[in-house]
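**Student:** let me see the structure of the following:
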Amino acid sequence: MMNECRIRLDLDNAGEFVRKASKCDFDIDISYNHFIIDAKSMLGVLGLDFSKILTVKYGGQDSEFDGMIKRLAVG
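**Tutor:** All right, here's what the predicted structure looks like:
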């Protein structure tokens, strides 16, 4: 089952997001428009347009990562 959540990132929480994503043993992707980025890539995440609402898709569960997602979730 694939989880999907819309989030908003900024420079202050992008590093923490990547660190938590990197600890997960499942794939995590971030997308907006037609761009899809590996959420475990610091360079990829920093290249995102933080003014956009981003969609995170992941197929596993990790309590720390889930907590981060809930904190960043929008509407």
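**Student:** what about K57, which helix or strand?
**Tutor:** K57 is part of strand 54-58 when elements are defined by DSSP states H and E.
**Student:** convert that strand to CSV, retaining C-alpha atoms only.
**Tutor:** C-alpha atoms of strand 54-58 as CSV (Å, rounded to 0.1, in the frame of the first residue of the first chain):
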residue,chain,number,x,y,z
LEU,A,54,4.9,18.9,-2.5
THR,A,55,3.5,15.4,-2.7
VAL,A,56,5.3,12.7,-0.8
LYS,A,57,4.7,9.0,-1.7
TYR,A,58,6.1,6.1,0.3
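**Student:** next secondary structure element downstream of that strand?
**Tutor:** The first helix or strand that comes after strand 54-58 along the chain, using DSSP H and E, is helix 63-72.
**Student:** okay, that next one in PDB with CA atoms only?
**Tutor:** Only the C-alpha atoms of helix 63-72 are listed here, as PDB (Å, rounded to 0.1, in the frame of the first residue of the first chain):
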ATOM      1  CA  SER A  63       7.300   6.300  13.400                       C
ATOM      2  CA  GLU A  64       9.900   9.100  13.200                       C
ATOM      3  CA  PHE A  65       9.300   9.700   9.500                       C
ATOM      4  CA  ASP A  66       5.500   9.500  10.000                       C
ATOM      5  CA  GLY A  67       5.800  12.200  12.700                       C
ATOM      6  CA  MET A  68       7.800  14.400  10.400                       C
ATOM      7  CA  ILE A  69       5.200  14.000   7.600                       C
ATOM      8  CA  LYS A  70       2.300  14.900  10.000                       C
ATOM      9  CA  ARG A  71       4.200  18.000  11.200                       C
ATOM     10  CA  LEU A  72       4.700  19.200   7.600                       C
END
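**Student:** kindly provide the distance from the nearest residue to I69 once chain neighbours are set aside to A73.
**Tutor:** Leaving aside its chain neighbours, I69 sits nearest to C5 (5.2 Å; criterion: Cβ to Cβ, 6 or more residues apart in numbering). The way it works is simple: take the backbone N, C-alpha and C, and place the C-beta from them, glycine included. Using Cβ to Cβ, to the nearest Å, C5 is found at 6 Å from A73.
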